[in-house]
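1. quick one: sequence and predicted model below, then my questions.
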Amino acid sequence: MPFESVLRTDILSEDLTTDQRRVSVVAEHQFKNIVSHAERFTRTTSPEPAKTIVETMALIKQAIEDYDNQHHTTEDAKVVLLYEEPAKLKQLEAITIKLIKREPGMYGQGSPFENSTRQLKPILREVKDDTEEPGYKRAVLGQFYDNMLRLTCWARTNKTANDRALWLETVMEDYAWFFVYSGVNRILYQGRGPEETIKVEDNYVYGRAIDYYVRTEKLRSISQKELEEIVVRLALSAGIST
């Protein structure tokens, strides 16, 4: 039902139905307030659509699987990617992926996680006409996050674990373009992490960790039209006119 028709029903108060423009004015004011208070600064934008850190993990899994398929790796020789330490190894090897650090995005230049100035709130990316609601505007806000992912290669021997870690570095290098193309802002190799040894089914398994810095961006769209509808709902629930 059109918005104007809703306003004309007897669900709304007479003051609200006879002065629809005040609803639009309130919503427009709130929209402009959000836009004006959103911090602006020049920076590299994320490719569309920007990926979250969870989606980035899925992309890494996809890259590993594609690499194996392209190189015609046999099923028993393929490495599996897990999201926790292996309780058992169905195959001789596995790679685990874990988020070990996540902070608000850094301003300015410097190495990852070393700048004390952080982006603590979303920034204004753009204001554009709302294609779904003619006559209204839509604002896109974005916020950067700095993440550290740890990929650990597990194997039954130290040599195999070392070889797999070098293999994984190659995969990440070869698919760097794929991550950016898919919407990851940045992935940077940060070096080796700590070596680990765990016991799985009474066998020792050796782990070689590799750390990657990943910058992601969370995007949020603010619709002037949706704000207008919120103003109406709140006015109804409070029993007041706008």
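-> Structure received. Numbers count the residues shown, from 1 in each chain.
2. tell me where this protein has strands.
-> Remark: strands assigned in the chain by DSSP state E are 80-82, 94-104, 123-129, 137-155, 186-200, 203-223.
3. how far does stretch 126-134 sit from the chain's center?
-> In terms of Cα atoms, centre = their mean, to the nearest Å, the centre of stretch 126-134 is found 23 Å from the chain centre.
4. same thing with stretch 117-129?
-> Here stretch 117-129 is found 15 Å from its chain centre; the criterion is Cα atoms, centre = their mean.
5. also stretch 205-213?
-> A distance of 22 Å separates the centroid of the chain from that of stretch 205-213, by Cα atoms, centre = their mean.
6. quick check: mean pLDDT of it?
-> Stretch 205-213 shows an average pLDDT of 95 in the prediction.
7. and it, what's buried?
-> Neighbour-count burial for stretch 205-213, with 16 or more other Cβ atoms under 10 Å as criterion, is recorded at 205-213. For the C-beta atoms, the positions are set from N, CA and C on the backbone; glycine is no exception.
8. possible to save those as TSV with distance to residue 23?
-> Below are those laid out as TSV (distance: Cβ to Cβ, whole Å):
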residue	distance to residue 23
205	63
206	65
207	60
208	61
209	56
210	55
211	52
212	49
213	46
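9. between the residues you listed, which is closest to residue 111?
-> Each of those was checked against residue 111 using Cβ to Cβ; the closest is residue 213, at 8.8 Å.
10. just list the residues touching the closest one, thanks.
-> 112-113, 146-148, 186-188, 190 (Cβ atoms under 8 Å, 6 or more residues apart in numbering).
11. can you put the strands of the chain in TSV and add distance to residue 57?
-> Formatted as TSV, those follow (distance: least, Cβ to Cβ, whole Å):
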stretch	distance to residue 57
strand 80-82	8
strand 94-104	5
strand 123-129	24
strand 137-155	7
strand 186-200	11
strand 203-223	9
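12. which one of the ones you listed is the most hemmed in?
-> Among the strands of the chain, strand 137-155 has the highest mean neighbour count (mean count of other Cβ atoms under 10 Å), at a mean of 21.
13. take stretch 123-131, keep the C-alpha atoms, and write them as PDB.
-> Taking Å, rounded to 0.1, in the frame of the first residue of the first chain, the C-alpha atoms of stretch 123-131 are listed here in PDB:
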ATOM      1  CA  ILE A 123      32.800   7.100   7.900                       C
ATOM      2  CA  LEU A 124      30.700   8.600   5.100                       C
ATOM      3  CA  ARG A 125      31.400   6.800   1.800                       C
ATOM      4  CA  GLU A 126      28.800   8.500  -0.400                       C
ATOM      5  CA  VAL A 127      25.400  10.100  -0.600                       C
ATOM      6  CA  LYS A 128      23.400   9.200  -3.700                       C
ATOM      7  CA  ASP A 129      19.800   9.300  -5.000                       C
ATOM      8  CA  ASP A 130      17.700   6.300  -3.800                       C
ATOM      9  CA  THR A 131      16.900   4.400  -7.000                       C
END
